[in-house]
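Whatever this is, show me its structure:
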Amino acid sequence: MARPLRILVPGGWYHVTSRGNRREAIYRTDTDRRRFLGLVAELPERFGVEIHAFVLMDNHYHLLVRTPEPNLSEAMRWLHVSYSSRFNWAHRQCGHVFQGRFKAVVVEDHRGVVEVARYVHLNPVRVGRLGLGQAQRQQSRAVGRDDPGAELVGQRLQELGAYPWSSWRVYGERNRRPGGWRPR
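Numbers count the residues shown, from 1 in each chain. Predicted structure coming up:
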């Protein structure tokens, strides 16, 4: 069965994600994370891809990108091959690091861009103890959202600010650079 074609448009916005092969960790150390972010930081210069939001979790990542040229596939292929070869060399292994092709969902309007950025940035705190676990999110979609209260919101913001592998720190606190990442 043939893979579906990617929709590549000039000026397109995309929510890009990929996870580790067999759902395994794609970052074992902070050095791995810095190495990946270093490669992400090269995407604007190499491919003209604009990185607007990101988060690195242990076994996957999310990017919110805009592509002035319709070259997302080339950029992501370069990112995955470059990172995989460095990861495999560093950990003395061979084989796939990422599970299948990256996923890219076209974001069609400004409202969608804001929603994807929110989703990306909330990833590190999407846990039940902070009221953002899967069960709580499903319930809020079915019944509506309750005000979580100032204390819980403060706790979420504190954890987001402490999470070093997200662009939230650039947006939320404006003075920290996650893992050495420099926006372009």
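
Can you tell me the centre-most residue of this structure?
His62 (1.7 Å; Cα atoms, centre = their mean).

The helix or strand in which that residue is found pairs with which strands, and in what direction?
Element membership of His62, judged by DSSP states H and E, is strand 60-67. Strand 60-67 pairs in its sheet with strand 12-19 (antiparallel), strand 50-56 (antiparallel), by DSSP bridges.

What are the buried residues along whichever strand or helix holds Tyr83?
For Tyr83, the element it lies in under DSSP H and E is helix 72-90. The neighbour-count check on helix 72-90 (16 or more other Cβ atoms under 10 Å) flags Leu72, Ala75, Met76, Trp78, Leu79, His80, Ser82, Tyr83, Ser84, Arg86, Phe87 as buried. C-betas here are computed from N, CA, C, even on glycine.

for the second one, what are its contacts?
Going by Cβ atoms under 8 Å, 6 or more residues apart in numbering, Ala75 touches Leu43, Arg46, Phe47, Val49, Thr67.

Would you mind measuring from it to Val40?
10 Å (Cβ to Cβ, to the nearest Å).

Hmm, Arg6 is touching Ala104, no?
Yes - using Cβ atoms under 8 Å, Arg6 makes contact with Ala104 at a distance of 6.3 Å.

Compare those two and say which is more crowded by neighbours.
Ranked by neighbour count (other Cβ atoms under 10 Å), Arg6 and Ala104 place Ala104 first, with 21 against 15.

In a helix, the more buried one, correct?
No - counting by DSSP: H, G, I helix; E, B strand; the rest coil, Ala104 is not part of a helix but strand.

That one and Pro4, how far apart?
The spacing between Ala104 and Pro4, counted by Cβ to Cβ, is 11 Å.

What of Leu122?
With Cβ to Cβ as the criterion, Leu122 and Pro4 are 28 Å apart.

Neighbour count: the two, which is higher?
Leu122 (17 against 7).

how much space is there between that one and Glu42?
27 Å.

what sits against Arg22?
So Arg22 contacts Gln99 (Cβ under 8 Å, 6+ apart).

change it to 10 Å
The contact partners of Arg22, by Cβ atoms under 10 Å, 6 or more residues apart in numbering, come to Asn59, His96, Gln99.

In ChimeraX, how would I select just the buried ones from those residues?
Buried subset of the contacts of Arg22, written as a ChimeraX selection, criterion 16+ other Cβ under 10 Å:
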select :99
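
from the contacts of Arg22, which is closest to Ala162?
The shortest gap between Ala162 and any of these belongs to Asn59, at 20.2 Å (Cβ to Cβ).

for this protein, which spans come out with low pLDDT?
1, 127-149, 172-184 (pLDDT under 70).

all helices for it, in order.
With DSSP state H applied, the chain shows helices at 30-47, 72-90, 110-122, 134-143, 150-162, 168, listed in chain order.
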